[in-house]
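K.L.:
my questions concern the predicted model and sequence given below.
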Amino acid sequence: MEIMELISQVLLGLFSIYVMYQFVRSLRLVPNQYAFIVERLGNYHKTLGPGFHALVPFIDKVEYKQDLREETIEVEPQECFTRDNVKVEVDGVIYLSVVDPVNASYGITNYRYAAVQLAQTTTRSVLGNMDLDQTFEERAAMSREVVKVLSEVEQVWGIKVHRYEIKNIVTPRTVQKAMERQMTAERDRRATIAKSEGVKGSKVNDAEGTKAQIINISEAEMQRRINEAEGYAEEILSIAEATAKSIEEVADALAQPKGTEAMKLQLSEKYLETLSGLGRDENRVILPKDISNYEALMEGLSLKDLEKQKSS
C-alpha cells in the first residue's frame, strides 16, 4: 500500500508540474516584427501580433512563428547552358519578407526552399535564351525576370520578393582565355582607330591653319592694294584740283590790266634762268639764234606759252 501511495503521489506531482507548464506556456510574449500562428484543437484560430497574450491551456497552441523582417536567402551556384552552348555557373541572392503569416504557414511547406528552387529554374530558363556575351550585359534583365516569376506566387505563399541579385557568372577557363584574347584584340582595334583619328585630325588642323594663313595674307595684300589705289586716287584728285585752281588764278590775273605784260616779264626771267643754268653746268654759254632781235623773241615765246596755257 505504501508503494502504491508513493507512486500515486509521484504521478500527481508530475501531473501538477505538467499542468503548471501548460499554464505557463499559455502566456506568450510576441516580439516586435513577429507573428505567432495559434491553432485551437488542430485548426487555425488566430494570429498573435507583438505584445502579451494569454491562451487557453490544453486547447490553444502556437504552431508557427513567422519573422516579418526582410531576409536574405542565398541561391546556391548552379550550372546553366547559354544559347550558344557554353556552360556557366551562376549564383545569386533573394531578398524577401513575409507579408501574410497565415499563407506563409499553410500555403506552402517551406517558402524559403520553394523561392530558391523557383529562382534557379527561372535563371536557367532565361540564360538558355541568351548568348554568352549577353549574360554579362543583361544581369538586370535576368534579375527582373526572376522577380517577375516569383511575384506570381507571392499571394499564395504570403511573401513579398523585393529583389533578386545575381552574384557571380563563372565561365570555364578556356572560355575566359578566349574572352581575354577577344578583349585584347578589341582594345588594340580601338587604339588603332583612335591613333588614326588623331593623325587625321592633326592633318586637318594643319590644312585649315595653312588655308587660314593664305586667306589672311591674300586679304592683307588686297587691302594694301585698295589702300594704295585710294591714296593714289586722292593724290590725283588733289593735284587736279590744285592745277584747276592755279589755272583759274592765272586766267584771272591775265584778265586784269597789265596782266599780259607781267606774264611776259615772268617768262623772260624763267628763260634767262634756264639759259644761265645750262651754261653754268657745262662751262659754256648758250645764246639764242637771233640775239639781236630780243624783243621779238620774247614776244613770240610769250605768245606761244600763253596759247599753250590757254589750250591746256
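P.N.:
Looks like it came in fine. None of the values given here were measured: they were computed from a predicted structure.
K.L.:
for the residue nearest to residue 80 when sequence neighbours are not counted, what are its contacts?
P.N.:
The spatial neighbour of residue 80 that comes closest, neighbours along the chain excluded (CB to CB, 6 or more residues apart in numbering), is residue 127 at 4.4 Å. C-beta: built from backbone N, CA, C; applies to glycine. By CB atoms under 8 Å, 6 or more residues apart in numbering, the contact set of residue 127 is 80, 81, 82, 88, 90, 135, 142.
K.L.:
does residue 35 lie in a helix or a strand, and which?
P.N.:
Using DSSP states H and E, residue 35 maps to strand 34-40.
K.L.:
which neighbours does that strand have in its sheet, and in what orientation?
P.N.:
The sheet places strand 34-40 alongside strand 43-48 (antiparallel), strand 60-67 (antiparallel), with pairing taken from DSSP bridges.
K.L.:
so what touches stretch 142-156?
P.N.:
Contact with stretch 142-156 is made by 92, 94, 96, 99-100, 103, 107-108, 114-115, 118-119, 122-123, 126-127, 130, 135, 160-161, 163-166, as judged by CB under 8 Å, 6+ apart.
K.L.:
what mean pLDDT does that stretch get?
P.N.:
Averaging pLDDT along stretch 142-156 gives 90.
K.L.:
make 56 the first number, not 1, from now on.
P.N.:
Got it, first residue is 56 now, which makes that one stretch 197-211.
K.L.:
buried sites along that stretch?
P.N.:
Judged by neighbour count using 16 or more other CB atoms under 10 Å, the buried positions of stretch 197-211 are 197, 198, 200, 201, 202, 204, 205, 208, 209.
K.L.:
follow-up on the earlier one: which one of the contacts of residue 182 is nearest to residue 286?
P.N.:
Ranked by distance to residue 286 (CB to CB), those are led by residue 190 at 80.4 Å.
K.L.:
follow-up on the earlier one: of all the strands paired with strand 89-95, which one is nearest residue 57?
P.N.:
Closest to residue 57 of the strands paired with strand 89-95, according to CB to CB: strand 115-122, at 39.0 Å.
K.L.:
so how far is that closest one off the chain centroid?
P.N.:
Taking CA atoms, centre = their mean, to the nearest Å, one finds strand 115-122 lying 57 Å from the centre of the chain it belongs to.
K.L.:
avg pLDDT for it?
P.N.:
The average pLDDT for strand 115-122 rounds to 90.
K.L.:
export only the CA atoms of that strand, formatted as PDB.
P.N.:
C-alpha atoms of strand 115-122 as PDB (Å, rounded to 0.1, in the frame of the first residue of the first chain):
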ATOM      1  CA  ASP A 115      -4.700  26.600 -27.900                       C
ATOM      2  CA  LYS A 116      -1.200  26.000 -29.300                       C
ATOM      3  CA  VAL A 117       1.300  28.200 -31.100                       C
ATOM      4  CA  GLU A 118       2.100  26.200 -34.200                       C
ATOM      5  CA  TYR A 119       4.200  28.600 -36.300                       C
ATOM      6  CA  LYS A 120       6.400  31.600 -35.600                       C
ATOM      7  CA  GLN A 121       6.900  33.900 -38.600                       C
ATOM      8  CA  ASP A 122       9.600  36.600 -38.800                       C
END
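K.L.:
buried ones in it, by neighbour count?
P.N.:
In strand 115-122, counting by 16+ other CB under 10 Å, buried: 115, 116, 117, 119, 121.
K.L.:
report the rounded mean pLDDT for the longest helix seen in the chain.
P.N.:
Secondary structure of the chain per DSSP state H: the longest helix is helix 228-310. What helix 228-310 shows for mean pLDDT is 82.
K.L.:
helices or strands up against that helix?
P.N.:
For helix 228-310, the packing partners by 3 or more CB pairs under 8 Å, 6 or more residues apart in numbering; DSSP states H and E come out as helix 314-337, helix 349-366.
K.L.:
rank those helices by pLDDT, which is bottom?
P.N.:
With a mean of 50, helix 349-366 has the lowest mean pLDDT of these.
K.L.:
sorry, back to before: would JSON lines of the strands paired with strand 89-95 with distance to residue 323 be doable?
P.N.:
Converted to JSON lines, the strands paired with strand 89-95 look like this (distance: least, CB to CB, whole Å):
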{"stretch": "strand 98-103", "distance to residue 323": "146"}
{"stretch": "strand 115-122", "distance to residue 323": "139"}
